[in-house]
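Chemist: missing the sequence, but the structure's below:
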């Protein structure tokens, strides 16, 4: 009986320890992939109606599977938005997708990483910033401890990317969490 109690206690405590150490789930404040809602085949096209959110995690690295990705994923996507060059380590928006830096590690007034959803941009903020978007990521921004970029996808959806470099990789490698609002 004593062994069963200890095993049960370990099984109950382990998830809390793993979460406290940063294992499992997404970066601070973001839901764990594949997100809090998978977008259904039909989504309202009302610009002020409810949006579904597609939250996904990608790893772009030398031996990784991701080369070109569609941030909305079917059924709402179909056109790739980001491209990663496995030879050079270049990450870039493609097919008309646009990005603009929202913040990076030196931009937080409290000196740490964002730790709640309200620390990230809202849909309206990224929608307004996306008209200023550039065609490429800045190498300096991608080398920061983390960077947050607003993005306008190839299908004209707004969202943001939370990008962290993967340490000690050649060519440059990244973990990218995407948060896309789909209407």
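Modeler: Nice, thanks for sending it over. None of the values given here were measured: they were computed from a predicted structure.

Chemist: Count residues in the vicinity of residue 119, would you?
Modeler: Neighbour count of residue 119, defined by other Cβ atoms under 10 Å: 16. The way it works is simple: take the backbone N, C-alpha and C, and place the C-beta from them, glycine included.

Chemist: Could I get the phi/psi values of it?
Modeler: In terms of degrees, to the nearest 10, the main-chain angles of residue 119 are phi -80, psi -10.

Chemist: Next one, pLDDT for it please.
Modeler: pLDDT, residue 119: 84.

Chemist: immediately after the helix or strand harbouring residue 53, which helix or strand?
Modeler: Per DSSP states H and E, residue 53 falls inside strand 52-60. Going down the chain from strand 52-60, the next helix or strand is strand 68-69, by DSSP H and E.

Chemist: quick one: strands adjacent to that next one?
Modeler: Strand 68-69 has the following strand partners under DSSP bridges: strand 82-84 (antiparallel).

Chemist: moving C-terminal of the strand it pairs with, what's the next helix or strand?
Modeler: Downstream of strand 82-84 (by DSSP H and E), the next one is strand 91-93.

Chemist: on contacts alone, who are the packing partners of that next one?
Modeler: strand 82-84 (3 or more Cβ pairs under 8 Å, 6 or more residues apart in numbering; DSSP states H and E).

Chemist: Excluding residues flanking it in the chain, which one is nearest residue 93?
Modeler: residue 99 (5.2 Å; Cβ to Cβ, 6 or more residues apart in numbering).

Chemist: all helices of this protein, in order?
Modeler: According to DSSP state H, the chain carries its helices in the segments 2-20, 123-129, 139-143.
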